[in-house]
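Engineer: Here is my input; please provide its structure:
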Amino acid sequence: MKKIFNSIKIFSLLATLMLATTPVYAATLDDLYQQKKDIQDSIATNKQEMRSLQDMIDNLNAQTTATQKQIDITSQIIDLTNQQIAQTQAQIEQKQKELDQKKADLNETIVTYYETGTPSTLEIIASANNLSSIIDQSQYMQALSGQINTQAQQIAQVKADLENQKNDLEKKEADLEGQKTSLANQQRNLSIQAKEKDNLLAQANAEQSQLKRDLDNVSAEIYAERQRMGGYTSGGTGGYPYANATPDEPDPWRFYTRECTSYAAWYFNAIEGKAWYNTRPGSGSAWNWPALAQDQGYTVSSTPRVGAIVSWPAGGIFGAYGHVAIVQGVNANGTINVSEYNWIPFSYSERNNVSPGGGRFIY
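Structural biologist: Numbers count the residues shown, from 1 in each chain. Prediction:
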């Protein structure tokens, strides 16, 4: 009786250990896949932030370039205005010389007039041949004096106009210098902002690199967990032509090389001669292949068939993206034999006696 009791205890203990142990892989993989998804979400968010920062930097640099062009144009206008000021100053000086000359002419006329004496009216009348000559002589002297005065006034007016023009030009030059200073300050602020955004972008790049390292580490743990689970054979390429390609490069069918989806697409096209490609770029994950099959007129069934694509849903050991493989055999017990890619890191493998486990078959 004691022996039976001990046997029952041992059996119960084993059962308990089995129950406790069986979910360990799933729980561990679930945790790892959740970590992987969280990291991928962070990578996507970080990429968006980097794109946004880069857009800001590009915009700030464009504004800086545009501001520099405005500064250059303003400097050219200032130079031109200074030239106009110099030309106007030269004209003012020339008019001043003309005005001085007219004043000198007037003074000389007055001096000459008085040096020759100023005859009395009786003397003018007595010496004149007739009344007309008396009037002509007097009018000539008045006209000469008036002409010089008029010319002097005209020159003085031109000079005053030029001085006003010069004042306006100097005011314009001062305004332009103010604009140039304001533009220079604006450019400096733009450069400071761009520098700050550059620093943020550098931090985001560093964070992106760290996230990718974290993703690689988690992915390595997932692959290691799958390897601990066993049940597969590896070696060779299965004929897949991109076995040595850089992982996650675009393939001819709009999937990524050395992923399960790329291998299955290649197999369908090259081995079975059935056209298959990603009809939903951005949504071509393995779990969504039944939708891609409907897009292309293929049958989607729960019944396995040799040569079919099996698409497993996301979750559990298949992670956030699900998994696809090619059915190589259907066993009497309902299990299937598959060939696949990326069950182990970016490599070809085969598994036998695999439970369909909610998989959908495409043929």
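Engineer: how distant is stretch 41-56 from the center of its chain?
Structural biologist: The chain centre lies 10 Å from the centre of stretch 41-56; the measure is Cα atoms, centre = their mean, to the nearest Å.
Engineer: any idea of the mean pLDDT in that stretch?
Structural biologist: For stretch 41-56, mean pLDDT rounds to 94.
Engineer: Pull out the buried positions in that stretch.
Structural biologist: Residues 42, 43, 46, 49, 50, 53, 56 are the ones in stretch 41-56 that count as buried (16 or more other Cβ atoms under 10 Å). All C-beta spots, glycine's among them, are computed from the backbone N, C-alpha and C.
Engineer: now those as JSON lines including distance to residue 188 and secondary structure?
Structural biologist: Converted to JSON lines, the buried residues of stretch 41-56 look like this (distance: Cβ to Cβ, whole Å; DSSP: H, G, I helix; E, B strand; the rest coil):
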{"residue": "42", "distance to residue 188": "35", "secondary structure": "helix"}
{"residue": "43", "distance to residue 188": "35", "secondary structure": "helix"}
{"residue": "46", "distance to residue 188": "30", "secondary structure": "helix"}
{"residue": "49", "distance to residue 188": "26", "secondary structure": "helix"}
{"residue": "50", "distance to residue 188": "26", "secondary structure": "helix"}
{"residue": "53", "distance to residue 188": "20", "secondary structure": "helix"}
{"residue": "56", "distance to residue 188": "17", "secondary structure": "helix"}
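Engineer: Can you tell me which of these is nearest residue 309?
Structural biologist: residue 43 (28.3 Å; Cβ to Cβ).
Engineer: what sits against that closest one?
Structural biologist: The contact partners of residue 43, by Cβ atoms under 8 Å, 6 or more residues apart in numbering, come to 208, 211, 212, 215.
Engineer: That one and residue 204, how far apart?
Structural biologist: As defined by Cβ to Cβ, to the nearest Å, residue 43 lies at a distance of 11 Å from residue 204.
Engineer: And residue 39, by the same measure?
Structural biologist: 15 Å.
Engineer: and if you look at residue 109?
Structural biologist: From residue 109 to residue 204 the distance is 87 Å (Cβ to Cβ).
Engineer: higher neighbour count, the two?
Structural biologist: For residue 109 versus residue 204, neighbours defined as other Cβ atoms under 10 Å are more numerous around residue 204 (19 against 15).
Engineer: Domain parsing of this structure, as residue ranges.
Structural biologist: The chain breaks down by automatic domain parsing into domains covering 31-221, 235-362.
Engineer: Indicate which one of those is closest to residue 227.
Structural biologist: Closest approach to residue 227 among the domains of the chain (Cβ to Cβ): domain 235-362, 6.3 Å.
Engineer: Show me how far the closest one is from its chain's centre.
Structural biologist: 37 Å.
Engineer: Just the terminal-to-terminal distance for that domain.
Structural biologist: Taking Cα to Cα, to the nearest Å, the first and last residues of domain 235-362 lie 26 Å apart.
Engineer: I'd like the mean pLDDT over that domain, please.
Structural biologist: The average pLDDT within domain 235-362 is 96.
Engineer: residue ranges of the strands in the stretch 201-350 of the chain, please?
Structural biologist: Along the stretch 201-350 of the chain, counting by DSSP state E, counting those that start in this stretch, strands occupy 232-234, 300-301, 309-312, 323-330, 336-341, 348-354.
Engineer: Buried deepest among those, which one?
Structural biologist: Ranked by mean neighbour count under mean count of other Cβ atoms under 10 Å, the strands of the stretch 201-350 of the chain are led by strand 309-312, which reaches a mean of 27.
Engineer: For that one, name the packing helices and strands.
Structural biologist: On a contact count with 3 or more Cβ pairs under 8 Å, 6 or more residues apart in numbering; DSSP states H and E, strand 309-312 meets helix 289-295, strand 323-330, strand 360-362.
Engineer: follow-up on the earlier one: closest one of the buried residues of stretch 41-56 to residue 102?
Structural biologist: residue 56 (66.9 Å).
Engineer: thought that closest one was touching residue 196?
Structural biologist: No: taking contacts as Cβ atoms under 8 Å, residue 56 lies outside contact range of residue 196: 9.6 Å.
Engineer: Please, which helix or strand holds the residue most central in space within the chain?
Structural biologist: In the chain, the centroid-proximal residue (Cα atoms, centre = their mean) is residue 55; its distance is 3.0 Å. Take DSSP states H and E as the rule and residue 55 turns out to sit in helix 2-115.
Engineer: about what we covered before: want to try a markdown table for the domains of the chain, with distance to residue 227 as columns?
Structural biologist: Formatted as a markdown table, the domains of the chain follow (distance: least, Cβ to Cβ, whole Å):
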| stretch | distance to residue 227 |
| --- | --- |
| domain 31-221 | 10 |
| domain 235-362 | 6 |
